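*Asks:* Just need the structure, nothing else, for what follows:
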Amino acid sequence: MDLSDNLNRSASFVGKLFSDAGNLLILIVLGIIPIVNLIVTGYFARIVRENPEEPPKLSDYVKLFIDGLLVAIAAIIYMIVPIIILGVGIAFSIGGYAFYSPMSLLSSLLSSGLVIVGVILAFIFAIFGVIAIGNMIRTGNFSKIFAFSENWQLIQRIGLGNYILWLVVMFVIGLIAATIGSEIHWVVGSILGALLEVFYGKSLALMMNEAMGTS
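*Replies:* Residues are numbered from 1 along each chain as shown. Below is the predicted model of the structure:
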């Protein structure tokens with residue numbers, strides 16, 4: 001499956017959400033509430049696991065919450081190092097701007113360097129982390145996030161170049177949605193966030209089908 005086909009099918013899948021306004025409204029409301037929004041992440045996981053032709057009805061909220069929590073834990077495990085580096089970089093930035101001193105320039109340079117390193121590492125870790133989370137969801141086995149050899153084989157079946165291009169496109173789409181939400185209103189951001197979870201879920205489901213050789 002080429003990237004354009006993946007994106008078109010995922011966008012069409014998201015469009016079907018609007019045929020059930022009640023389901024969509026619940027999804028958006030759940031996505032606004034901290035902690036509870038893990039249910040929306042669990043809904044993402046359900047889409048990745050089942051690869052349905054139409055968005056499923058929200059049900060079994062406890063199971064969705066647990067699935068969402070597992071996805072969140074897996075993501076944190078993969079991103080803990082970049083998060084720490086980015087956090088240190090931001091801390092240096094705040095310290096550098098808060099007080100003027102001969103060290104402020106050095107602090108600013110160090111901050112910028114750490115942020116750049118953190119972003120690069122985040123993308124590198126995402127290359128393995130996203131497919132690992134997909135494998136965990138499909139198999140129902142949390143330990144699959146550590147099955148590095150198996151996950152690398154899944155990436156090779158997709159094609160490393162195609163997979164990285166897909167990741168870049170997913171990142172750009174998320175960045176655009178975040179920018180629109182921050183510039184207009186947080187409600188718009190919440191709506192886009194819920195739609196994006198569904199879009200990501202369907203797109204990853206199609207990618208996992210290609211990696212695992214399933215229809």
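
*Asks:* which helix in the protein runs the most residues?
*Replies:* Secondary structure of the chain per DSSP state H: the longest helix is helix 61-98.

*Asks:* Which SSE is immediately downstream of that helix?
*Replies:* Downstream of helix 61-98, the next assigned helix or strand under DSSP states H and E is helix 104-139.

*Asks:* Could you pull out the buried residues of that next one?
*Replies:* 107, 110-111, 114-115, 118, 121-122, 125-127, 129-138 (16 or more other Cβ atoms under 10 Å). In short, each C-beta sits where N, CA and C put it, glycine included.

*Asks:* Who are the packing partners of the next helix or strand after it?
*Replies:* Using DSSP H and E, the next helix or strand after helix 104-139 towards the C-terminus is helix 148-158. Judged by 3 or more Cβ pairs under 8 Å, 6 or more residues apart in numbering; DSSP states H and E, helix 148-158 is in contact with helix 104-139, helix 186-212.

*Asks:* quick one: contacts for L17?
*Replies:* If a contact means Cβ atoms under 8 Å, 6 or more residues apart in numbering, then L17 has N23, L24, L27, P55, L195, V198 as its contacts.

*Asks:* Could you dump these into CSV with pLDDT and neighbour count added?
*Replies:* Listed next are the contacts of L17 as CSV, based on pLDDT from 0 to 100; neighbours: other Cβ atoms under 10 Å:
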residue, pLDDT, neighbour count
N23, 92, 17
L24, 91, 20
L27, 94, 22
P55, 94, 23
L195, 91, 20
V198, 95, 21
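
*Asks:* Distance to N37 for those residues - can I get that in TSV?
*Replies:* Putting the contacts of L17 into TSV (distance: Cβ to Cβ, whole Å) gives the following:
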residue	distance to N37
N23	16
L24	15
L27	10
P55	17
L195	14
V198	14
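
*Asks:* In the residues you listed, find the pair that's most separated.
*Replies:* N23 and L195 (12.5 Å; Cβ to Cβ).

*Asks:* Am I right that E210 is in contact with Q156?
*Replies:* No - counting by Cβ atoms under 8 Å, E210 stays clear of Q156, with 11.5 Å between them.

*Asks:* Which one's more surrounded, these two?
*Replies:* Neighbour totals were compared for E210 and Q156, and E210 leads with 16 against 11 (other Cβ atoms under 10 Å).

*Asks:* quick one: the residue lying closest to R157 once chain neighbours are set aside from L121, how far?
*Replies:* Computed as Cβ to Cβ, 6 or more residues apart in numbering, the closest residue to R157 that is not its neighbour in sequence is A211, at 5.0 Å. From A211 across to L121, the span is 23 Å (Cβ to Cβ, to the nearest Å).

*Asks:* any idea which of the helices and strands packed on helix 148-158 scores lowest on pLDDT?
*Replies:* Here the lowest mean pLDDT among the helices and strands packed on helix 148-158 goes to helix 104-139, at a mean of 84.
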